[in-house]
Each structure stands twice: as C-alpha cells, then as structure tokens.
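Participant: Make a model of this:
(one chain, ligands or ions: 1)
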Amino acid sequence: MTKRCAIWRLSWIIVAALWITQAMAMMGGGGGCMMGCSSGVTVIDPPRGRPFQDPPLAPNLSTTPGVVEVNLEAKVAPVNVNGTVANLQTYNGVFPGPTIRVRRGDTLVINFRNSLPFSGYNMHGYPRNLTNLHTHGLHVSPIGNSDNVMLNFGEGESFQFVYDLSLHPAGNFNFYHPHVHGNAAEQVWAGLVGALEVEDATPMLAGYETHLLVLKDISLSNSAPTLHSNSDFMNGKEGNVVMVNGLVNPVLTMKPGQIQRWKIVNASNARFYKLNLANHNLHVVGTDGGLLDKPYAQSTVLLSPGERVDILVKATTTKGYYKLKALPYNRGAGASANQEITLMTVNVTGSAVSQSLPSSINPSAVRLSVPSNIPVRQLTLRMGMMGGMMGGSMSASINGIVYSDTSAFTLNSTLGGYEIWEIYNQSMMDHPFHQHVNHAQVLAINGGDASYRNLLTTAPAWKDTVIVPAMGSVRLLVPVKDFAGLTVFHCHILEHEDIGMMGLWDIR
Ligand SMILES: [Cu+2]
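Facilitator: Here you go, the predicted model:
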C-alpha cells in the first residue's frame with residue numbers, strides 16, 4: 001500500500017468512526033453534535049447589516065408577448081461576501097443569480113453559456129467546471145431542450161433552453177441551479193443559485209409589498225469557497241456565513257401594521273432553517289407547488305434545502321427591531337443542530353398603515369382524495385460505506401443502488417395516472433427528498449418536526465421537496481399526468497446526491 005493510499009484509508013476510518021459515534025449519540029438522545037460541542041445552544045447574532053435588497057432581476061430580452069428570454073452565463077466572478085471579496089461561481093457575475101420572472105403560460109427561453117474555467121478534477125473524478133441547468137420546481141417537460149438534467153456542458157459550450165409553462169401551476173416560487181451528478185454540491189456551494197418566480201394573479205395577494213429571500217450559507221478560505229472534505233459528503237456541507245440574498249443580517253423596513261409577502265427559498269446545500277420572527281406569526285400562503293386555500297399561521301416554519309415557502313407577515317404596531325432567526329434544528333448532522341442564528345432584522349418604523357390578512361387565497365387548492373387501485377412505490381434511502389467500513393468510501397443509495405453514470409435504481413411510471421410513493425429513511429439523518437417535474441401532495445409523515453408534519457398533511461399543499469425524517473418515512477400522492485421522459489428524484493442535500501442518493505424516473 002502506498003503512503004498516499006494509507007492516508008486515504010485512514011481518513012475514511014476516521015470518518016466512519018465519527019459517523020458511528022454520532023449515530024450512537026443520537027440513539028441516546030444526545031443531539032446532533034459531531035464533536036467538541038456542548039449541549040448548549042450557540043447564539044450567532046451578527047450586528048445589523050446593510051438595508052435588505054431583493055436579488056437583481058434578469059432583464060427580459062424578448063419583446064414578444066408571452067415570451068421571456070434571458071441570458072445566463074456560469075462564470076467565476078468576485079463577490080463581496082460580508083466584507084470579504086471572494087471569487088464565487090456565479091450566474092452573470094452576481095450572487096445570488098438574477099431572478100427570472102415568468103407567468104403561467106409563458107415560454108421561457110434561457111440562453112445558457114458555461115464560462116467556468118477548468119480547475120482540475122474533484123474527488124468523484126469529474127472536471128469541476130462541467131455543469132448544466134435544472135429549473136427546480138417547474139412543471140415542464142424533462143426532455144429535449146426543456147428541464148433536461150441529462151445534458152452536460154463543458155467549458156465554452158452554449159445551449160438554448162426553451163420551457164413551455166402552459167401546464168405549470170398559476171404561481172409558485174422556484175430556483176435554478178446546476179445538476180451534474182458528482183458536481184452539483186460543489187457548484188451550488190460555490191454560488192450557482194438563482195430565484196425563478198412564476199407570478200400569480202391572485203387578487204387576494206395583489207396589494208402586498210413582496211420580497212424574495214434566497215437563504216444560503218458559505219465558508220471562505222483564500223478568497224474562494226472552501227473545498228469539500230470527505231466528511232462534508234457524509235454530513236452535507238454547512239457554512240459559517242449565513243446570508244439572505246447575499247447579505248448577513250440585512251435590515252428590512254416595515255411600517256407598523258403593514259403586511260408584506262415574502263417568498264423564501266432554501267438554496268443551501270445542507271443547512272435547514274427553522275424560521276421564527278420575534279413577536280410575529282408567519283402566515284403560510286404557499287408551498288413549493290403553489291398557493292394554499294388560506295393563510296396558515298405558524299410560529300415556526302422549517303425549510304430544508306430545495307424547499308420554498310410563501311408567507312405573509314403582518315408587522316406589529318409596536319415600533320422596533322425584530323429578529324428573523326433560524327432556530328436550532330437537529331437534522332442528525334451538522335453544527336446547525338445547536339445554532340440559533342439571526343438571519344435578518346425587521347425594522348418596524350414610520351407611520352402606521354392598516355392592512356388585514358385575507359381570509360381565503362386560492363379556492364381551487366384542495367386536498368385530493370386518493371384514487372383506488374393505484375401503484376404503490378417503495379423507495380428506501382440509505383447511507384453507507386462502499387467497499388466495506390475499513391477503507392471504503394462514503395456512499396448513499398436508493399433501494400440499495402448507489403447512483404452512478406452506469407447504474408441507478410429506475411422507477412418506471414405509466415403516463416396518465418396517480419401513484420403513491422412510500423419513502424423510507426433508513427439512516428440517522430433527515431433527507432429532503434426531491435422529485436423533478438411533478439409536484440405531489442403529502443399524505444403522511446412519520447417522525448420529524450410536528451408543525452411541519454401537521455401543516456403538510458392537513459393543508460392542500462403541493463410539494464416537490466419533503467423532509468424524510470431520520471429513521472422515519474413519508475407517503476406522497478404523485479400525479480404522473482403531463483410529461484413523458486426520463487428524469488430523476490434524489491436527496492436535496494446535494495452532497496448525498498453526488499455520492500449516490502438519486503434514482504431515475506422513466507415516465508412513458
Ligand atoms: Cu440526504
């Protein structure tokens with residue numbers, strides 16, 4: 001055995017030992033500490049930062065009604081991250097990427113170009129600059145030049161994507177990011193995320209000041225995103241700079257009594273956000289796949305990577321500063337289990353206004369009844385070591401198969417009906433399960449956060465990303481009605497996707 005090989009094996013033995021220690025701690029109710037953390041909560045409360053800013057809007061290059069055309073170039077560019085200028089991977093040189101805004105029925109044209117320079121191969125053996133594009137949350141075809149994640153683009157390659165949004169729900173909030181197996185985690189981590197907003201025309205929500213919140217964390221070293229380690233692929237990588245639209249603790253102004261609408265996306269690799277706004281309820285009016293029937297008042301809203309939420313906030317009449325925090329949530333790994341972080345500060349100031357919450361929002365949102373005699377699919381998520389515990393490499397699987405370019409668990413579906421998917425998590429950490437193209441309704445969740453479970457299993461919510469709790473399960477009602485083609489489902493802790501927690505979905 002060479003010296004390098006011995007060090008490699010030793011590092012994996014340490015990773016495996018840490019993993020087992022953590023699993024034992026969790027079974028004993030000890031929380032998610034990996035090492036060196038006490039049972040106490042670490043409060044991370046940065047000073048109030050710059051004024052809140054929405055991400056920039058991608059200009060529409062088309063003058064044809066019903067067509068939105070934007071340019072999107074993946075490139076390395078200097079970005080100011082909390083006072084430090086760092087070279088991030090960006091879309092069009094900005095972080096977060098420019099917001100693409102469309103409406104149901106539009107045709108979206110994206111002129112995509114990969115200008116990421118070659119920077120070697122990553123630990124999965126992929127050239128770091130091989131990339132592509134996924135429109136996470138769009139109900140569109142997964143083939144051809146639509147939301148086709150089977151395409152890859154090398155340095156200097158260009159491609160025109162065309163998305164037909166005529167069957168998309170009336171309005172929802174999405175995001176776009178790279179999706180090359182083996183590269184997705186590192187590229188999203190390095191900054192390649194942007195919001196994709198499908199506007200609604202709901203009169204009940206028309207009068208409210210609206211903002212987009214892209215939540216993302218990062219760590220920097222040597223003026224660049226820190227590189228992934230072996231254990232990052234096991235745990236999912238969390239950063240020590242936590243941002244809203246690229247800003248640390250920005251200050252958003254509200255008038256006393258004002259209602260604002262916030263569309264929030266968790267664009268982080270692995271960090272979960274258990275959102276709480278001091279002295280205020282968060283009134284959930286929409287989830288991944290569109291608007292709910294009415295507002296649902298919540299004191300906390302849990303958002304895992306890939307999930308979105310659309311909320312109304314009614315400012316108190318008492319002027320002052322109120323912190324939007326991410327409260328500790330134990331997903332089974334990562335420092336965030338014991339962190340309480342101030343994400344943003346709301347400054348309630350100025351002259352009062354009188355606005356009231358709508359009593360109803362989207363009358364066509366209903367919980368579906370489960371059709372009889374529909375196929376029931378079972379998907380089991382596992383973490384493990386490929387090649388044995390001693391000297392193997394970390395892997396993840398669905399139904400026992402580690403996704404690779406040559407093998408995958410394939411779910412064959414027949415176009416035109418509904419299916420029940422039962423997703424079992426046989427691991428000690430939560431996995432946010434994401435299926436492309438089709439939104440689903442949540443029939444049941446076993447385990448996890450109670451308010452998350454209660455909302456999603458009682459409200460007429462459409463979801464494309466759902467937390468499958470550690471050692472728990474989720475039951476989904478999945479329509480397979482509009483689009484044939486080959487697509488994927490996977491864990492949206494993108495490190496887990498890169499080490500194999502993905503399957504193919506072949507719809508014919
Ligand atoms: Cu996962």
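Participant: residues contacting residue 218?
Facilitator: Residue 218 makes contacts with 81, 88, 189, 191, 225, 239, 241, 243, as judged by C-beta atoms under 8 Å, 6 or more residues apart in numbering. Just so you know, the C-beta spots here come from the backbone N, C-alpha and C atoms, and that holds for glycine as well.
Participant: for stretch 42-55, the distance to its chain's centre please.
Facilitator: 21 Å (C-alpha atoms, centre = their mean, to the nearest Å).
Participant: Now it: average pLDDT?
Facilitator: Taken as a whole, stretch 42-55 has a mean pLDDT of 98.
Participant: Stretch 301-313 too?
Facilitator: When pLDDT is averaged along stretch 301-313, the result is 98.
Participant: mind checking how far it is from the chain centre?
Facilitator: That offset, for stretch 301-313, works out to 10 Å (C-alpha atoms, centre = their mean).
Participant: and stretch 498-508, which residues are buried?
Facilitator: Judged by neighbour count using 16 or more other C-beta atoms under 10 Å, the buried positions of stretch 498-508 are 498, 499, 500, 501, 502, 503, 504, 505, 507.
Participant: can you check stretch 237-256 too?
Facilitator: 237-239, 241-250, 252-256.
Participant: Show the end-to-end separation of it, please.
Facilitator: In stretch 237-256, first residue to last residue: 38 Å (C-alpha to C-alpha, to the nearest Å).
Participant: my read: residue 325 touches residue 279, true?
Facilitator: No. Judged on C-beta atoms under 8 Å, residue 325 makes no contact with residue 279 at a distance of 11.8 Å.
Participant: So for these two, which residue has more residues nearby?
Facilitator: Neighbours per residue (other C-beta atoms under 10 Å) separate residue 325 from residue 279, with residue 325 holding more: 23 against 12.
Participant: List the buried residues for stretch 150-165?
Facilitator: 151, 152, 153, 161, 163, 165.
Participant: between the residues you listed, which is closest to the ion?
Facilitator: Distance to the ion, by C-beta to the ion, is smallest for residue 152 among the buried residues of stretch 150-165, at 22.6 Å.
Participant: And the pLDDT at that closest one?
Facilitator: 97.
Participant: Check residue 507 too.
Facilitator: Residue-level confidence at residue 507 comes out at 98, pLDDT.
Participant: Just list the residues touching the residue nearest in space to the middle of the chain, thanks.
Facilitator: In the chain, the centroid-proximal residue (C-alpha atoms, centre = their mean) is residue 306; its distance is 1.5 Å. When contacts are counted by C-beta under 8 Å, 6+ apart, residue 306 touches 136, 266, 432, 434, 464, 465, 492.
Participant: Each with direction, which strands does the longest strand along the chain pair with?
Facilitator: Counting by DSSP state E, the longest strand found in the chain is strand 67-81. Sheet pairing for strand 67-81, assigned by DSSP bridges, gives strand 84-91 (antiparallel), strand 107-114 (parallel).
Participant: okay, and for the protein, where does confidence drop off?
Facilitator: Scanning the chain for pLDDT under 70 picks out 1-39, 387-392.
Participant: Please list the residues of it that sit near the ion.
Facilitator: Residues of the chain lying close to the ion by C-beta under 5 Å from the ion are 431, 491, 493, 496.
Participant: Among these, which are located in helices?
Facilitator: residue 496 (DSSP state H).
Participant: just how off-centre is stretch 278-298 within its chain?
Facilitator: Distance, centroid of stretch 278-298 to centroid of chain: 18 Å (C-alpha atoms, centre = their mean).
Participant: For the stretch 251-400 of the chain, just list every one of the helices.
Facilitator: With DSSP state H, counting those that start in this stretch, there are no helices along the stretch 251-400 of the chain.
Participant: All the strands of it, in order from the start?
Facilitator: Per DSSP state E, counting those that start in this stretch, the stretch 251-400 of the chain carries strands over the ranges 251-254, 259-266, 273-277, 282-287, 290-298, 301-303, 308-314, 320-327, 339-348, 376-386, 393-398.
Participant: which other residues reach the third one?
Facilitator: In this structure, residues lying in contact with strand 273-277 by C-beta under 8 Å, 6+ apart are 215, 264, 266, 282, 299-303, 313, 322-329, 343, 346, 449.
Participant: again, 7 Å this time
Facilitator: Applying C-beta atoms under 7 Å, 6 or more residues apart in numbering, the contact partners of strand 273-277 are 215, 266, 282, 299-303, 313, 322, 324-327, 329, 346.
Participant: which of these has the most neighbours?
Facilitator: residue 266 (28 neighbours).
Participant: Hmm, residue 309 and it touching each other?
Facilitator: No. Between residue 266 and residue 309 there is no contact under C-beta atoms under 7 Å: 8.7 Å.
Participant: Common neighbours of those two, please.
Facilitator: Joint contacts of residue 266 and residue 309 (C-beta under 7 Å, 6+ apart) are residue 303.
Participant: picking that back up, in helices only, show me the buried residues of stretch 498-508.
Facilitator: Taking DSSP H, the ones among the buried residues of stretch 498-508 that sit in helices are residue 498.
Participant: now, the most widely separated pair of the buried residues of stretch 498-508?
Facilitator: 499 and 507 (25.5 Å; C-beta to C-beta).
Participant: Quick check: residue 257 vs the ion, distance?
Facilitator: 42 Å (C-beta to the ion, to the nearest Å).
Participant: Tell me both backbone torsions, phi and psi, for that residue.
Facilitator: Backbone torsions of residue 257, given as degrees, to the nearest 10, read phi 80, psi -10.
Participant: thought it was touching residue 318?
Facilitator: No. With contact defined as C-beta under 7 Å, residue 257 does not count as touching residue 318 (10.2 Å).
Participant: Could I get the buried residue list for stretch 86-98?
Facilitator: Going by neighbour count (16+ other C-beta under 10 Å), the buried part of stretch 86-98 is 86, 87, 88, 89, 90, 91, 92, 94, 95, 96, 97, 98.
Participant: picking that back up, make TSV from the contacts of residue 218 and add secondary structure to it.
Facilitator: Output for the contacts of residue 218, formatted as TSV (DSSP: H, G, I helix; E, B strand; the rest coil):
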residue	secondary structure
81	strand
88	strand
189	helix
191	coil
225	strand
239	coil
241	strand
243	strand
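Participant: Please identify which of the residues you listed is nearest to the ion.
Facilitator: Nearest member of the contacts of residue 218 to the ion, counting by C-beta to the ion, is residue 189, at 14.9 Å.
Participant: Tell me, how many residues neighbour the closest residue to the ion within the stretch 151-300 of the chain?
Facilitator: In the stretch 151-300 of the chain, the residue that lies nearest the ion is residue 236 (6.7 Å; C-beta to the ion). Counted with other C-beta under 10 Å, the neighbours of residue 236 add up to 29.
Participant: Apart from its chain neighbours, what residue comes closest to the residue nearest to the centre of the chain?
Facilitator: residue 492 (3.5 Å; C-beta to C-beta, 6 or more residues apart in numbering).
Participant: From residue 136, how far off is that neighbour?
Facilitator: To residue 136, residue 492 is 9 Å away according to C-beta to C-beta, to the nearest Å.
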